[in-house]
Structure formats: C-alpha cells, structure tokens
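> When you get a sec, could you give me coordinates for this:
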Amino acid sequence: MNSTQYNQLIIGAGFAGICTAIQLKKEGFNNFIILERGSHLGGTWRDNNYPGAACDVESHLYSFSFEQNPNWSRVFGPQQEILNYMDHCVEKYGLNPYIQLNTTVERLVFDEAQGVWQVVCNNGKTYFAQSVISCSGGLSQPALPDIKGRDDFKGTMFHSAQWDHSYDLKGKTVAVIGTGASAIQIVPAIAPVVKELQLYQRTPPWIMPKMDGDISAFRRSMYNTLPFMRNFYRWRLYWFHELAAYGFTRHPALLKFASKIAARFLKQNVKDEALRRKLTPTYTMGCKRVLLTNDYYPAVQRKNVHLITEHIDEINATGIKTKDGIQHIPDAIVFATGFYAAEGVVVFDVRGKNGMSLNEAWKDGAEAYLGTSVAGFPNLFMVVGPNTGLGHSSMILMIEAQVHYILEAIKLMKKENFKSVDVKKETQTSFNTDLQQKLNKTVWQSGGCVSWYQTKTGKNVTLWPDYTFRFMRRTKKFEVEKYEIQRQGDADLL
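All right, here's what the predicted structure looks like:
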C-alpha cells in the first residue's frame, strides 16, 4: 500500500470512516486509504476523553447494526468502552493496513480532465483518488468562546475536547465555562476532587433523568446466546427515539409534557428556590440539546461548587471578571463550550469544478443533497454532512444510511465506467428549499433560543427535520438521474 493513487480515499477514522471502510471491503473494493489526523483512530471518542465522558444514546443503538456488541457493561456506554468497540471493529474487519495516522488533509483539488481528486497533506505527501469520502465529523473542531482577554490568563487553560490529563485537579480551584452536554458530565466527575469549582452558566439546559445503569451478567449472557433478544432490545430503543422525533419536528407543543417531567425532576433534586430559578430554562424544551444526567444537580449543590450566572466581562491574567465587577481567581479554566458545528465546517481547502471553493459555495450556510453530495464537487461524498445531525436518536443510523448511498454510487460508477458524478444544482436547491421549510416548523427554529444548530444568521445547517427511517428510505438507492454524469473518455456531460 505504498502507492499514492487510490480508487477511494476516506478522510477520518471515526465511526463514519470505519463504517465506510468496512462496507467498501464487503463490496470487494480494496484500493482505498483512510487518512486520520490523530495518532489513534476514534474521532470524537478519541478526543473527548474528559472525566465522566459517556454517550447520551443507549449503547445498543449507538453501534453498528451489522456489528452489535452483546457485552456493553452499561446502558449508556462510557467513552473508553466506545473507543474499545471501535478498535474491535477495525481489528475484526482488517482495517489497520488501510489507516494512515498523523496525517492531516490540508487541501483537496479536483482534476476535471482526469476525474480525480488531488489530496495534499501536512506530511508533504500528495494522494490521488477518483472518489473522496469526507468523514471528518460535525463535532471535530472545538469552539472557544469569544471572550475579551481569553488568552491573557496565566494559569492552566484547555478545552474539554483537549483535556490536559497531566494537570492534577486535586485541591485546585477550577472554572468550568459552559453548561452543555460536556459540562454536565465533567462537573459531577471533578467536583469531589477539586477544592472549588466555579461553574459559569449563560443559559440553563433542559435536563431529563438518565435511565442508566449496569447491564447485568445475565442480560449480557442472554444477548450473546439469544441474538433475537438483543435485536428486539435495539428495535425497541429505535422506535422509542423515533416517537420523540414527532415532538421535535411536527408538534413542539407536545414537548410541554416532557418539560413538566424535567421541571419536576429539577424540583425533586434542588430544594433551594433561588438556585432552582437559576437552573430553570426559559425557552421551549428541545430548542437546545436536551441533556440526560442523574448526578449534575447534586453536584451543583455541593458546598465547593458555585454556580455563577453573571455574564463574563473578561478573562485576564489572574482569572475571570464578571459583569458585576467581581474578580474570580481560578487555578485552571476548562472551556466546555462545544464545537463549531454550523460555522467553519470545512477544515481544509476544497476546490471543485473551475477551482470553485467549497467555503465560498457555503458562504450563506452549508448545504448538500441528502447531506452527502455538493453541486460542483464531483466524486466528493460526505458522511455526517449538512443537515444530517439528529436531535432525537443515534447518529450511527444516519451514518449507515449515508454510507449505503455512497456505496451504491461507487458501485454504479464502476459498473458503468463513470469518470465522475456531480449532483445537479437544481436538485440540491430543491432539496434544501424543502428541508428549510420543514425545519421552520421544528422546535429548533421556533423554540425561542439561539443554539449551535444554527449559523450566525439563524440558518439551521446541522439537523435532519424528520424521522430516521425516512432518511434511510431516501438513501436506499443512488438516484443517477439527479446527477450530471461523465463517462471515461467523454468530454460532454450525458
């Protein structure tokens, strides 16, 4: 595998990249390579190894349908166990020889004459491939808040996705900025260790109880010996989550029932009325990500934890100054501030037909056809592309559906001797017009909040506004009639 010319090139060795590679091998495609910027595979689950990191979708659904794991130890898998599962998949399907680690893609350029992509990397190597499948992920670029003086702090400072495990938190005063999905796992994990925890909250999240727990040895044994029971459990989980989509995407008013459950959960766990008011959201449930946890509220009430709701005025050399003029002095600052999911989604330069820049094409917000193909960028496919994210279920479902669609395209390209396939502009425009109209009816657009789902202009470029089974249906067959096709040796589009 020393050649730099491949039929397919995969960017990223997270869940999406691993799934793509497995399915390529299953279909008999072996001339491909996976370029991974990290020193180990795993993507999000390699990077987010902060204390308390775990999935918020049940493990039996947050895993490949074709490689179910009967031995999950908990209902919601912890980070290391998920990473171990990914290692297992790579080992079982023989993917290690295909993975090039410590390789960051810097530039993609499409050669229209040859119908191939030139892929330039940070190690000085250049690769060529007929098809590029970008699996770089929607949650791969940590977002740091735009706070005055952010870089002036003289103490230790890091993002939750770049956790400094060499820094000993014991006995330290630690500031955690953010109260989203990462923070609600970090705070309970580090609160018993630190001397003081300053928790900076801008907007309180809606929190539901997490139906977590150990999976007994008996259940694990049953799932091993009786696969249909494991399949039934996964099926039940799937439809439970699909029902939730009805409230998010069709009738947000139904979420009032769930918000009452969340409000009761808050009241049961936080007796202090003043603190409870600070922790009570004022926007419609679901507008921002709904969080699952049983130990966040108890952690916030610890004597060494201080919830600070005053907005941050600045970060300076000694700490954090809030709008009320108070100077807070931590030893370390942890930014639990999420990722660039809607803005800056292209982390490398991509040039398609006529040198068109993907960043320029997406200047008004990222869009694609089925979150997979972008007009003007032939033979470039995306997994977890624009508007494929979910607010109600497992992303693995979307990944498998997109990979199936891409494999259908690649098989057809080989069978019909296609040089390139490029989704028609009108197809992409029509699809996204309809998609945005559907999004306007969802809680994510009508819930009265600003979230990471949206661009600065308010356009939602991250979420799929429908059921997953409808996305699966849309991606069942590669619709060649919706693409401009060029055959090998032909100069004109067919």
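> Pass me the low-pLDDT residue ranges in the stretch 351-494 of the chain, would you?
Across the stretch 351-494 of the chain, residues meeting the criterion (pLDDT under 70) sit at 447, 490-494.
> quick one, helices of it?
Along the stretch 351-494 of the chain, the stretches classed as helices by DSSP state H, counting those that start in this stretch are 358-361, 395-416, 425-439, 443-446, 468-474.
> can you check the stretch 101-250 of the chain too?
Taking DSSP H, counting those that start in this stretch as the criterion, the stretch 101-250 of the chain contains helices spanning 183-190, 217-225, 227-249.
> Give me the contact list for the shortest one.
Helix 183-190 is touched from outside by 50-54, 160, 169, 174, 176, 197, 199, 205, 207, 291, 293, 295-296, 298-300, 305, 334, 336, with contacts defined as C-beta atoms under 8 Å, 6 or more residues apart in numbering. Every residue, glycine included, has its C-beta placed from N, CA and C.
> burial measure for T388, as a count.
The number of residues packed near T388 is 23, by other C-beta atoms under 10 Å.
> Show the contacting residues for the nearest residue to it once chain neighbours are set aside.
The spatially closest residue to T388, leaving aside those adjacent along the chain, is G371, at 3.6 Å (C-beta to C-beta, 6 or more residues apart in numbering). With C-beta under 8 Å, 6+ apart as the criterion, the residues that contact G371 are 382, 384-388, 398, 402, 464.
> again, 6 Å this time
385-388 (C-beta atoms under 6 Å, 6 or more residues apart in numbering).
> cool, G17 as well?
10, 34, 135.
> so where's this structure shaky on pLDDT?
Counting by pLDDT under 70, the low-confidence segments of the chain come to 1-3, 138-140, 341-345, 447, 490-494.
> one more time with 80, if that's ok
Across the chain, residues meeting the criterion (pLDDT under 80) sit at 1-3, 137-141, 251-254, 339-346, 445-452, 489-494.
> how does it divide into domains?
In terms of domains, the chain is parsed into 5-141+341-487, 150-211+252-335 (source: automatic domain parsing).
> Pick the one among the contacts of G371 closest to K278.
Checking those against K278 by C-beta to C-beta gives N387 as the nearest, at 33.8 Å.
> The closest one - how many residues pack around it?
What N387 shows, counting by other C-beta under 10 Å, is a neighbour count of 24.
> got a list of what it touches?
Counted by C-beta under 6 Å, 6+ apart, N387 has contacts 371, 435, 464.
> again, only using 10 Å
365-368, 370-371, 431-432, 435-436, 438-439, 453, 460-465, 471 (C-beta atoms under 10 Å, 6 or more residues apart in numbering).
> what's the answer for A54, then?
Counting by C-beta under 10 Å, 6+ apart, A54 has contacts 48, 74, 76-82, 185, 189, 210, 212, 292-293.
> Tell me what it is bridged to.
Bridge pairing for A54 (DSSP bridges) gives the partners P78.
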